[in-house]
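Undergrad: Sharing a model that was predicted from the sequence below.
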Protein chains: 2
Amino acid sequence: MTTSPFTLLSSSSECSARCGEVSTQHGTIKTPVFMPVGTLGTVKAVTPENLVDLGAQIILGNTYHLFIRPGHELIKEFGGLHGFMHWDRPILTDSGGFQIFSLKDLAKITEKGAEFRSHHDGARLFLSPEDTIHVQEALGSDIMMVLDTCIPYPADREEADKATALTGRWARRCRDAQTDTGQLLFGIVQGGMYQDMRRRSAEELIDIGFDGYAIGGLSVGEPKDLMQEMLAATVPHLPDDYPVYLMGVGTPEDLVEGVYRGVDMFDCVMPTRNARNGMLFTSSGRLVIKNSRYRDDQRAVDEQCTCYTCRNYSRAYLRHLFQCREILAYQLNSIHNLHYYCSLMALMREAIAADRFLDFRRAFYAGREQ
Amino acid sequence: MTTSPFTLLSSSSECSARCGEVSTQHGTIKTPVFMPVGTLGTVKAVTPENLVDLGAQIILGNTYHLFIRPGHELIKEFGGLHGFMHWDRPILTDSGGFQIFSLKDLAKITEKGAEFRSHHDGARLFLSPEDTIHVQEALGSDIMMVLDTCIPYPADREEADKATALTGRWARRCRDAQTDTGQLLFGIVQGGMYQDMRRRSAEELIDIGFDGYAIGGLSVGEPKDLMQEMLAATVPHLPDDYPVYLMGVGTPEDLVEGVYRGVDMFDCVMPTRNARNGMLFTSSGRLVIKNSRYRDDQRAVDEQCTCYTCRNYSRAYLRHLFQCREILAYQLNSIHNLHYYCSLMALMREAIAADRFLDFRRAFYAGREQ
């Protein structure tokens, strides 16, 4: 039996929202938390100092991408991903399961593992559940993820059942492959859009015993209400004294709904990717910076925001940089969007601690309807 | 007669190298100085805070580019370029002369001014000497430049003579057009590769009277020794109690030679452009970061360097970022190269103050032959 890294600090009296801490080798994370995505050993367009400044507690690295470039053995020589990329706070690494799923025709899943062709140079590669643990141990992340098989949407029962069962067997092989590094390992619940399968998947993982439980295979094209339904059908079957992580989700609205349903951890490329496309998140909704209405707008992107970008630059300047494709545009936009996501989580933590999460949630939606 | 903004602090007893200060509305610059180029209201891939941290005292803005995007009238509404781009140290703006020269077939020079087509959208535009002053006054730069006509290399005497004479007439019109804003205005010596014309151009400008004197039309394709010859034939004809600025130059070696011959100010896109192409300057020469020999090199780019990049990242990490075309690669490379240029100037100032500039120059070349 494992000792949970999770400490519950407070819970909402009206819903499943909760505040806690997850203890890792590189420090403690306050939850609910958003994890910026640093695919290739950098959160795109920002420095580690920017991340600390904007309130990031933990970042995510992609095992699949780092396995291909520059390779885990190289990163290990640099004291793991922390030393390689100059980041001393916690890191979670995914297992590569989702990326292999995204490769579609370039990947072949067998009982043994995933055979795939590199998206980078077409090289034939293979990752077994054991391999992904080996790679993640070399990367030295604080939280490792098991190799799972993601299920497309839609998928029939047979397909979903087969993939979910394989995910369960792989989860056990990952747990068995883990050596005594002190890194945490999270299981991943699959089950497609079938409530009974989600429950069975959760039970299998609990039976194995992990340091945390992730919900995978959501936000894969299904309607929003189906995602919420699956979340509601899954979280109650997870042990409430362990961290719960909703993978690859999502919009600010998704984060609020996830927290409402008891999720502790989130990651998504949306704040950074949208930043690079000129879409900025604000307390009153989304802002497309290239819009000509901002041409001479002297206001900050979000006048409520305290980020570096909003403290120092106008919408007009950001629009000018974006129109000119200046690199600084991507830097400043990314800082703002990540700050928005991290601040949103901080506001939710405060609201839960004060037991006024439902008030917060109402105000959040009201602000966006202005 | 103008009062010079220049104060001489020390001179080499062995050559023309000198240390001084140039006083502007946004503070005093220690010379010799290198000015990072911020073409479109941003020094590419770095923040103003990065610039302060790496030792930039003054930056350059391009009148031509800012006139086209986003327009000087817009920038004026933001308190000029300083307010628009969040930079409170001095700014020098060029006049657009060199950019119009670079447009070649898209530009037509007449007595009245330069007719040209925008490189951005092909729009027909016109800039007279008076217009460039008007635009630079709107931008609010600390140091403005006169509109000049740059001479291609090679050029025959007739062509060079015609352009140099026009530069002289335009310089007078610029001086006359200037209003009482407290901004400094520098004249630009032309004359092609003809020593007598360089001298005549200098004398014409001195006759008008400027706050500083720039040497234009060098580094336009001529051999290095011809550039040095022209420099040697021009600087002695400039008043030694005014700042001397060598425009658009150059390599680290060019900076050392320029200082040796009495130049106080330099600008060039080389440190930032080369950074984005993965070429890094070091105390022992140039380093091409994508080279496979750096694949697992744990050393800093330059082990003597104290910049943010060298303090925190390895060559292997920088190579990885560059190979993956990560935006952080451009940020970190630009910080390093600009720090190299600014530090080189600081070392030269120290050497001149200690009257050991020739020793410094010898050691500089010896370091690069290793």
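TA: Nice, thanks for sending it over. Residues are numbered from 1 along each chain as shown, chains lettered A, B, ... in the order given.
Undergrad: pLDDT score assigned to A:Lys30?
TA: At A:Lys30, the pLDDT value in this model is 98.
Undergrad: Three-state assignment for it, please.
TA: strand (DSSP: H, G, I helix; E, B strand; the rest coil).
Undergrad: I'd like to know how many residues surround it.
TA: Around A:Lys30 sit 16 other residues, with neighbours defined as other Cβ atoms under 10 Å in any protein chain shown. Quick note: C-beta positions are derived from backbone N, CA and C, even for glycine.
Undergrad: Please report how far it lies from B:Leu9.
TA: A:Lys30 sits 53 Å away from B:Leu9, going by Cβ to Cβ, to the nearest Å.
Undergrad: now do A:Gly258
TA: Applying Cβ to Cβ to A:Gly258 and B:Leu9 gives a distance of 63 Å.
Undergrad: And the two? Which one has more around it.
TA: A:Gly258 (28 against 14).
Undergrad: A strand includes A:Tyr341, no?
TA: No: applying three-state DSSP, one finds A:Tyr341 to be helix, outside a strand.
Undergrad: which residues sit in contact with it?
TA: A:34, A:36, A:252, A:255, A:271, A:281 (Cβ atoms under 8 Å, 6 or more residues apart in numbering or on different chains).
Undergrad: Let's verify the residue sitting nearest the centre point of chain A: helix, strand, or coil?
TA: With distances taken as Cα atoms, centre = their mean, the residue of chain A nearest its centroid is A:Asp267 (1.6 Å). Here A:Asp267 is strand, with the state taken from three-state DSSP.
Undergrad: Excluding residues flanking it in the chain, which one is nearest it?
TA: A:Met35 (4.1 Å; Cβ to Cβ, 6 or more residues apart in numbering or on different chains).
Undergrad: Flag every residue of the stretch 151-300 of chain A that's near chain B.
TA: A:295-296, A:298 (Cβ under 8 Å from any Cβ of the partner chain).
Undergrad: In chain A, where is pLDDT below threshold?
TA: A:1-2, A:370 (pLDDT under 70).
Undergrad: Can you pull the domain assignment for it?
TA: A:13-268, A:275-337 (automatic domain parsing).
Undergrad: export those to a markdown table and tack on distance to B:Ser219?
TA: A markdown table is the format used below for the domains of chain A (distance: least, Cβ to Cβ, whole Å):
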| stretch | distance to B:Ser219 |
| --- | --- |
| domain A:13-268 | 33 |
| domain A:275-337 | 25 |
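Undergrad: B:Ala329: which of the ones you listed is closest?
TA: domain A:13-268 (8.4 Å; Cβ to Cβ).
Undergrad: quick revisit: save the residues of the stretch 151-300 of chain A next to chain B as a markdown table, and put in secondary structure and neighbour count too.
TA: Listed next are these as a markdown table, based on DSSP: H, G, I helix; E, B strand; the rest coil; neighbours: other Cβ atoms under 10 Å in any protein chain shown:
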| residue | secondary structure | neighbour count |
| --- | --- | --- |
| A:Arg295 | coil | 15 |
| A:Asp296 | coil | 16 |
| A:Gln298 | coil | 14 |
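Undergrad: ok, so of these, who is nearest chain B?
TA: The nearest member of those to chain B, counting by Cβ to the nearest Cβ, is A:Asp296 at 5.6 Å.
Undergrad: ok, back up a step: thinking the residue nearest to the centre of chain A is in contact with A:Val33, fair?
TA: No: taking Cβ atoms under 8 Å as the definition, A:Asp267 is not a contact partner of A:Val33, at 9.4 Å.
Undergrad: burial count for the nearest residue in space to A:Gly182 that is not next to it in sequence?
TA: Closest residue in space to A:Gly182, ignoring its immediate chain neighbours: A:Gln25 at 5.6 Å, by Cβ to Cβ, 6+ apart. The number of residues packed near A:Gln25 is 16, by other Cβ under 10 Å.
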